[in-house]
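Novice: got a predicted model here, sequence first, then my questions.
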Number of protein chains: 2
Amino acid sequence: MSDAPLFETLKIAIVDDHNVVREGIVSLMSTYPEFHFIISARNGRELLNKLDGAKELPDICLLEINMPDVNGYQTIQQLTKLYPLIKVLVLTAHDDDFSIMKMMQLGANGYLVKCCQPEELYEAMLTIYEEGQYLSNEVIAATNSAYRSKLIQFRNYLLTKKEVLFLHFCCTELSYKQIADKMHISPRTVDDYRIKLFKKLKVRTRVGLAIYAVQSGIEAFYESMNTMG
Amino acid sequence: MSDAPLFETLKIAIVDDHNVVREGIVSLMSTYPEFHFIISARNGRELLNKLDGAKELPDICLLEINMPDVNGYQTIQQLTKLYPLIKVLVLTAHDDDFSIMKMMQLGANGYLVKCCQPEELYEAMLTIYEEGQYLSNEVIAATNSAYRSKLIQFRNYLLTKKEVLFLHFCCTELSYKQIADKMHISPRTVDDYRIKLFKKLKVRTRVGLAIYAVQSGIEAFYESMNTMG
DNA sequence: ATAAAAAAGCGTGTTTTCACTGTTTTTTGG
DNA sequence: CCAAAAAACAGTGAAAACACGCTTTTTTAT
């Protein structure tokens, strides 16, 4: 009995390719006696390898989005499939609406940007463990702006796979005609994608599409569409 | 005499807008008894405020590039001007050649990406204190690639102010004609900028220019040109 | 001081991008 | 099943982007 902890200890995994950042967060959050970091990985592949055959599974996984090899989008899809009991708290530098909506849609239990205070991270981890999810101000704001004006805006975050593919090609130096070839559709249909996305994303030129795709995280998300899971 | 440290203690400042990251690095690097973090700031303005009238100045300043309000480019220019004795070690997520070359050109004493190992950060800080600078593999690689092929490539990192301004406008939805108005030059001269940058940056379209500007960090650098110092 | 180099300017023609008004085919929902 | 919605396809004209050869002005370097 004397060895029994005074409070429940949470087993934590953390996935981030920035070694200094990852180990820094481990060091910082380990000052809270509630947390016990059992897995530290630099990308999704390393995480999944360490989870496979692990003696004990983490309660919560802190997950960055932008990582080489296997990124956050791919990782969370594998996690929810293989380890549905592990709660995922996205902890990332990306604060754009697309990333937030997409990760929540993929099953994240919370989303925090790295500029939050350590105390908020602490609160979020406890809340997720106790209540299943933590809705940060960022998530609420993104959701609100998405649902604003009769769900029209929300459609922005529900781009089809082909629209994401088209947006990806818009970030290259291919002409629309060459994009049509790549996508095996007629140039006129490419025109339809262009016009539709002009309206959806409120831009007027291809440069607008390309910049939006890069800034919003969509171009980063594209990478994860074909490679894994 | 009994209180004298066994080794010299380095006074460190750290500037990073990601609170969790910054405090994490403080926590992690404070495990090395050589380091004493005396200033923690979330951007250049906060750093300069804390330096102004401080009892003791840091020996080394760890500096992120991308920050709101006053970014790394602006901060290092103020630091080298007002506090030339403070060594600057850039510690950032950006690993593109432009950011590396630009920060070294602005007087950084070292440049590390956040995915480095904590041990390398430790080595870099000691080396900078003892020898004045630390040349990481990233810096050497960027310099090599820059000096390759008779310095022609190097010119990429020595874009003129007007070229940076033009690149910035290329990331907007303005037409070249409108850009000409904004820059107070003729549309034909805008054409010259375009052609010159096509060659310099090895792209063929405006989308190529825009994507390059965003990916390479040039667009981020632009922000710091007119606002401060 | 002056030659070389860089910057700014000019005209023209081609290709690409964008806007507009349509039709046909496929998918979706009740 | 059938109506409605979404996706795909079509032609045309205007605007913007791109390529080419060339002149003038300003800056730089020796």
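Specialist: All right, it came through fine.

Novice: neighbours of A:K11, how many?
Specialist: Residues lying near A:K11 (other C-beta atoms under 10 Å in any protein chain shown) number 16. The way it works is simple: take the backbone N, C-alpha and C, and place the C-beta from them, glycine included.

Novice: helix or strand: which one has it?
Specialist: According to DSSP states H and E, A:K11 maps onto strand A:10-15.

Novice: that strand pairs with which strands?
Specialist: Each strand paired with strand A:10-15, and its direction, by DSSP bridges: strand A:35-41 (parallel), strand A:60-63 (parallel).

Novice: take the ones you listed and lay them out in JSON lines including mean pLDDT and mean neighbour count.
Specialist: Formatted as JSON lines, those follow (pLDDT from 0 to 100; neighbours: other C-beta atoms under 10 Å in any protein chain shown):
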{"stretch": "strand A:35-41", "mean pLDDT": "98", "mean neighbour count": "19"}
{"stretch": "strand A:60-63", "mean pLDDT": "98", "mean neighbour count": "26"}
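
Novice: which among those strands is found nearest to B:E56?
Specialist: If you check each of the strands paired with strand A:10-15 against B:E56 by C-beta to C-beta, strand A:35-41 wins as the nearest, at 34.0 Å.

Novice: next SSE downstream of the closest one?
Specialist: helix A:44-51.

Novice: and chain B, is the helix or strand hosting A:V190 touching that?
Specialist: Assigned by DSSP H and E, A:V190 belongs to helix A:187-201. No: under the criterion of C-beta under 8 Å from any C-beta of the partner chain, chain B is not reached by helix A:187-201; the shortest gap measures 10.4 Å.

Novice: report all helices and strands that that helix contacts.
Specialist: The helices and strands touching helix A:187-201, judged by 3 or more C-beta pairs under 8 Å, 6 or more residues apart in numbering or on different chains; DSSP states H and E, are helix A:161-170, helix A:176-183, helix A:206-216.

Novice: 6 Å - rerun?
Specialist: If you count contacts as 3 or more C-beta pairs under 6 Å, 6 or more residues apart in numbering or on different chains; DSSP states H and E, helix A:187-201 packs onto helix A:176-183.

Novice: in the helix it packs on, what counts as buried?
Specialist: For helix A:176-183, burial by neighbour count (16 or more other C-beta atoms under 10 Å in any protein chain shown) applies to A:Y176, A:I179, A:A180.

Novice: closest one of those residues to B:G44?
Specialist: For the buried residues of helix A:176-183, the nearest to B:G44 is A:I179 (41.6 Å; C-beta to C-beta).

Novice: thinking that closest one is in contact with A:T189, fair?
Specialist: No: taking contacts as C-beta atoms under 6 Å, A:I179 lies outside contact range of A:T189: 10.2 Å.

Novice: and the angle for the helix holding A:V190 with helix A:161-170?
Specialist: Here helix A:187-201 points in a direction 90 degrees away from that of helix A:161-170 (axes from the mean of the first three to the mean of the last three C-alpha atoms, to 10 degrees).

Novice: do helix A:187-201 and DNA strand C meet?
Specialist: Yes: counting by C-beta under 7 Å from any atom of the strand, DNA strand C has neighbours in helix A:187-201: A:D191, A:D192, A:R194, A:I195, A:F198.

Novice: any of those buried? List them.
Specialist: For these, buried by 16+ other C-beta under 10 Å: A:R194.

Novice: return only those of the residues of helix A:187-201 next to DNA strand C found close to DNA strand D.
Specialist: Among those, proximity to DNA strand D is found for A:D191, A:D192 (C-beta under 7 Å from any atom of the strand).

Novice: can you list the residues of helix A:187-201 next to DNA strand C in JSON lines and add pLDDT and distance to B:S136?
Specialist: Below are those laid out as JSON lines (pLDDT from 0 to 100; distance: C-beta to C-beta, whole Å):
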{"residue": "A:D191", "pLDDT": "94", "distance to B:S136": "48"}
{"residue": "A:D192", "pLDDT": "94", "distance to B:S136": "48"}
{"residue": "A:R194", "pLDDT": "94", "distance to B:S136": "43"}
{"residue": "A:I195", "pLDDT": "93", "distance to B:S136": "47"}
{"residue": "A:F198", "pLDDT": "91", "distance to B:S136": "43"}
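
Novice: let me know the closest of the residues of helix A:187-201 next to DNA strand C to A:I128.
Specialist: A:I128 has its nearest neighbour among the residues of helix A:187-201 next to DNA strand C in A:F198, at 38.7 Å by C-beta to C-beta.
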